[in-house]
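Chemist: any chance you could fold what I've pasted below:
(one chain, ligands or ions: 1)
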Amino acid sequence: MKPLPPGSVIGILGGGQLGRMLAMAAAELGFDVHIYTPEADSPASRVAARTTVAPFDDAEALARFASGVDVVTTEFENVPADTTRVLVAAGAIVHPNPEALAIAQDRVAEKNFFNECGIATAPFAAVDSRADLDAALKQIGAPAILKTRRLGYDGKGQARIATLAEADAAYAALGGQPAILEGFCAFEREVSIVAARTIHNGFAPYDLVENVHANGILARTLAPARVDARVRQQAAGLAYIVGDALDYAGVFAVEFFLMADGSLIANEMAPRVHNSGHWTQDACAASQFEQHIRAIADWPLASPARLCDAEMINLIGAEANEWAKYAAEPNACVHLYGKRDALPGRKMGHVTRLKR
Ligand code: AMP
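Modeler: Numbers count the residues shown, from 1 in each chain. Got it, this is the predicted structure:
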């Protein structure tokens, strides 16, 4: 593939805030964006040149979409991997590739993948029945966390098991869906790395950052993470291994638990731009959104250099009503996603405070 010239059309599967920010970054580089989403009036569609509103399994709509775009990408990891396979079969270039998406969609496949790459994870076992849960608890012990294998995000589809007596309740909470039991990691901090890779092995990692969650949702990111250089370098090395093993093009994130002994335990990877990379919009030479567009358009990657330290806070639900307060802060950059209803737990926007 030659670098895509400006004026080309970038197709994005998904219409949420990540698609919206990708579309704005693509426009900055002279591209047109075509959003494909099942959702009418989506945040991304309101900043894009074109939108197709159709289900992800509508073969006809997908074929039309494939013929009208020059490259396709995804803005959330639960776009069915089969949707991307249909697009590839229709002749579209799709980044990230369907296999990378499929691995990230299944927590068991994802953990096996990490281990095959030599990257440590919490001990885990697949749980397909109540009897499997007992066997897994015998092997892993408590405390542990039972998670759905698929479609979990922002702490949804998870049940903690502090003692063996809680096994029944946890199993019932997940409604018998295929699951994974993970040993509980008593981490010191949660950190993540966002990196870009091109199919020609170009690699540009951003600084490792530190994340604080509340109710399973990212609340705050500190850039850079308060860790020593050895941990930072190790995380970048592991991200390189992940991108290389997936033959990846685009931006991705790897979330880790930082343990008291300084070791990193991989929790999950996201085959897309990531909430913990939003600070790059205001504090880096090039944002993760621009970097993703460059990577999938086969342009050279920009510098991921951090220009200043930053703190990003998410505006969840009604917190977004405080926008005027944040807008009045001299070093705060306000980003709002244009969502119509501030439902509880819904990501409505974020604020990046520059520390200079
Ligand atoms: P996840 O959906 O896997 O990102 O999990 C959401 C949050 O639950 C993580 O950010 C952690 O705070 C916590 N968590 C998940 N898995 C574990 C684990 N194995 N040990 C300890 N905490 C965990």
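Chemist: okay, residue 273 and the ligand: tell me how far apart.
Modeler: Distance, residue 273 to the ligand, using C-beta to the nearest ligand atom, to the nearest Å: 16 Å. (C-beta placed from N, C-alpha, C; glycine too.)
Chemist: also residue 186?
Modeler: Counting by C-beta to the nearest ligand atom - residue 186 and the ligand are separated by 7 Å.
Chemist: that residue: how many residues sit nearby?
Modeler: Counted with other C-beta atoms under 10 Å, residues neighbouring residue 186 total 9.
Chemist: likewise for residue 54?
Modeler: As a burial measure, residue 54 scores 16 neighbours (other C-beta under 10 Å).
Chemist: show the contacting residues for residue 309.
Modeler: Neighbouring residues of residue 309 by C-beta atoms under 8 Å, 6 or more residues apart in numbering: 223-224, 283, 354-356.
Chemist: recalculate using a threshold of 6 Å.
Modeler: Neighbouring residues of residue 309 by C-beta atoms under 6 Å, 6 or more residues apart in numbering: residue 355.
Chemist: enumerate the beta-bridge partners assigned to residue 182.
Modeler: residue 124, residue 145 (DSSP bridges).
Chemist: ugh, wrong one, residue 253
Modeler: residue 194, residue 270.
Chemist: now it: how far from the ligand?
Modeler: For residue 253, the distance to the ligand equals 11 Å [C-beta to the nearest ligand atom].
Chemist: count the neighbours of the closest residue to the ligand within the stretch 1-150 of the chain for me.
Modeler: In the stretch 1-150 of the chain, the residue found nearest to the ligand is residue 122; the distance is 4.1 Å by C-beta to the nearest ligand atom. Residue 122 is flanked by 19 other residues according to other C-beta under 10 Å.
Chemist: isn't it up against residue 186?
Modeler: No - the pair residue 122 / residue 186 is not scored as a contact, 10.6 Å apart, by C-beta atoms under 6 Å.
Chemist: so what sits against both of those two?
Modeler: Common neighbours of residue 122 and residue 186 (C-beta under 6 Å, 6+ apart) do not exist.
Chemist: looking at the protein, which helix is longest?
Modeler: The helix that spans the most residues within the chain, counting by DSSP state H, is helix 229-245.
Chemist: and it, what does it pack against?
Modeler: Here helix 229-245 touches strand 189-197, strand 203-205, going by 3 or more C-beta pairs under 6 Å, 6 or more residues apart in numbering; DSSP states H and E.
Chemist: got the angle between that helix and strand 189-197?
Modeler: In terms of direction (axes from the mean of the first three to the mean of the last three C-alpha atoms, to 10 degrees), helix 229-245 departs from strand 189-197 by 50 degrees.
Chemist: for the residue of the chain most remote from its centre, grab phi and psi.
Modeler: Ranking residues of the chain by C-alpha distance from their mean position (C-alpha atoms, centre = their mean) puts residue 165 at the top, at 33.8 Å. Backbone torsions of residue 165, given as degrees, to the nearest 10, read phi -60, psi -20.
Chemist: get me the contact residues on this protein for the ligand.
Modeler: Applying C-beta under 6 Å from any ligand atom, we find that the chain lies next to the ligand at 122, 145, 152, 155, 182, 184-185, 190, 213, 216, 267-268.
Chemist: which of these fall in helices?
Modeler: Among the residues of the chain next to the ligand, no member falls in helices (DSSP H).
Chemist: reformat the residues you listed as JSON lines; add distance to residue 317 and pLDDT.
Modeler: What follows is the residues of the chain next to the ligand, written out as JSON lines (distance: C-beta to C-beta, whole Å; pLDDT from 0 to 100):
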{"residue": "122", "distance to residue 317": "30", "pLDDT": "98"}
{"residue": "145", "distance to residue 317": "25", "pLDDT": "96"}
{"residue": "152", "distance to residue 317": "20", "pLDDT": "71"}
{"residue": "155", "distance to residue 317": "15", "pLDDT": "66"}
{"residue": "182", "distance to residue 317": "28", "pLDDT": "98"}
{"residue": "184", "distance to residue 317": "28", "pLDDT": "97"}
{"residue": "185", "distance to residue 317": "28", "pLDDT": "97"}
{"residue": "190", "distance to residue 317": "22", "pLDDT": "97"}
{"residue": "213", "distance to residue 317": "15", "pLDDT": "94"}
{"residue": "216", "distance to residue 317": "14", "pLDDT": "84"}
{"residue": "267", "distance to residue 317": "25", "pLDDT": "97"}
{"residue": "268", "distance to residue 317": "24", "pLDDT": "96"}
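Chemist: show me which of the residues you listed are buried.
Modeler: Buried residues within the residues of the chain next to the ligand, counting neighbours by 16 or more other C-beta atoms under 10 Å: 122, 145, 152, 182, 184-185, 190, 267-268.
Chemist: which one of these is nearest residue 260?
Modeler: residue 185 (10.6 Å; C-beta to C-beta).
Chemist: rewinding a little: quick one: contacts of the longest helix of the chain?
Modeler: So helix 229-245 is contacted by 117, 119, 193, 195, 197, 203, 205, 208, 254, 264 (C-beta under 6 Å, 6+ apart).
Chemist: what of stretch 89-96?
Modeler: 63, 66, 71-73, 84, 87-88, 248-250, 271, 296.
Chemist: cutoff 7 Å now
Modeler: 1, 62-63, 66, 69, 71-73, 84, 87-88, 248-250, 271, 296 (C-beta atoms under 7 Å, 6 or more residues apart in numbering).
Chemist: convert the C-alpha atoms of stretch 108-117 to PDB, please.
Modeler: Provided in PDB are the C-alpha atoms of stretch 108-117 (Å, rounded to 0.1, in the frame of the first residue of the first chain):
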ATOM      1  CA  VAL A 108      -9.300 -16.100  27.300                       C
ATOM      2  CA  ALA A 109      -7.700 -15.700  23.800                       C
ATOM      3  CA  GLU A 110      -6.200 -12.400  24.900                       C
ATOM      4  CA  LYS A 111      -4.500 -13.900  28.000                       C
ATOM      5  CA  ASN A 112      -3.300 -16.900  26.000                       C
ATOM      6  CA  PHE A 113      -1.900 -14.500  23.500                       C
ATOM      7  CA  PHE A 114       0.000 -12.500  26.200                       C
ATOM      8  CA  ASN A 115       1.400 -15.600  27.700                       C
ATOM      9  CA  GLU A 116       2.500 -16.900  24.200                       C
ATOM     10  CA  CYS A 117       4.300 -13.600  23.800                       C
END
